[in-house]
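Asks: Take this sequence and fold it.
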Amino acid sequence: MKRLRELLVWVAGGALLVAMAVDTLAMLGRQLHWPLLGAIELVQAAVLFGSAGALLLAALEYSHARVHLLLDRLPARWQRLMSRLHAAVEMLLYAGLLAGSAWLALDLWRGHEESELLRIPYRPLRVALVLTLLVLLLLSVRRLLLRSRA
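Replies: Modelled structure (predicted):
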């Protein structure tokens with residue numbers, strides 16, 4: 001589990017560093033009248049991997065942002081109920097996102113989509129998104145099952 005965490009930190013952090021570097025070079029290029037064409041396409045692809053890694057890491061460690069202002073003031077029974085409700089809604093959210101993303105990926109699979117300037121193929125990016133959402137869904141189902149047993 002520790003190695004997986006380290007891998008996700010490197011992938012997500014590295015992707016965000018790449019996005020920052022590309023965007024910085026693009027900004028400097030605009031100021032020097034030497035634009036970096038396709039910078040937006042590169043940043044978008046890097047942000048996909050950065051956000052996917054961050055979401056997976058947060059889900060694995062169960063460290064999503066939460067509002068404790070109200071939850072901590074509820075009785076223990078209501079806290080458990082809200083925790084189960086949260087897990088169920090989280091599962092439904094990931095299931096909906098996965099269904100829509102998979103549908104789009106399958107529908108456009110033979111379209112050979114690519115970005116305009118750099119011709120970055122969208123197919124591997126869609127696969128990465130679908131796999132990320134699948135893992136998030138499985139983790140949320142596991143969490144819901146563990147919460148219902150508690």
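Asks: Go through stretch 49-59 and flag the buried ones.
Replies: 49-50, 52-57, 59 (16 or more other Cβ atoms under 10 Å). Just so you know, the C-beta spots here come from the backbone N, C-alpha and C atoms, and that holds for glycine as well.
Asks: ugh, wrong one, stretch 17-29
Replies: Residues 18-19, 22-23, 26 are the ones in stretch 17-29 that count as buried (16+ other Cβ under 10 Å).
Asks: With just CA atoms, put that stretch into CSV.
Replies: Taking Å, rounded to 0.1, in the frame of the first residue of the first chain, the C-alpha atoms of stretch 17-29 are listed here in CSV:
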residue,chain,number,x,y,z
LEU,A,17,4.8,19.9,-12.2
VAL,A,18,4.7,19.2,-16.0
ALA,A,19,1.5,21.3,-16.3
MET,A,20,3.1,24.1,-14.3
ALA,A,21,6.3,24.1,-16.4
VAL,A,22,4.4,24.0,-19.7
ASP,A,23,2.1,26.8,-18.7
THR,A,24,5.1,28.9,-17.4
LEU,A,25,6.9,28.4,-20.7
ALA,A,26,3.8,29.3,-22.6
MET,A,27,3.4,32.5,-20.6
LEU,A,28,7.0,33.5,-21.0
GLY,A,29,6.7,32.7,-24.7
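Asks: just how off-centre is that stretch within its chain?
Replies: 21 Å (Cα atoms, centre = their mean, to the nearest Å).
Asks: Repeat that for stretch 32-43.
Replies: For stretch 32-43 - counting by Cα atoms, centre = their mean - the centre lies 24 Å from the chain centre.
Asks: Let me know the average pLDDT across it.
Replies: Stretch 32-43 carries an average pLDDT of 94.
Asks: For that stretch, measure first residue to last.
Replies: End-to-end distance of stretch 32-43 (Cα to Cα, to the nearest Å): 20 Å.
Asks: same deal with stretch 102-114?
Replies: Counting by Cα to Cα, you get 18 Å between the two ends of stretch 102-114.
Asks: Could you check the pLDDT of the residue most central in space within the chain?
Replies: Among the residues of the chain, residue 52 comes closest to the average C-alpha position under Cα atoms, centre = their mean, at 2.9 Å. Residue 52 is assigned a predicted lDDT (pLDDT) of 96.
Asks: what's the answer for residue 149, then?
Replies: Reading off the per-residue confidence, residue 149 sits at a pLDDT of 67.
Asks: All set, thanks.
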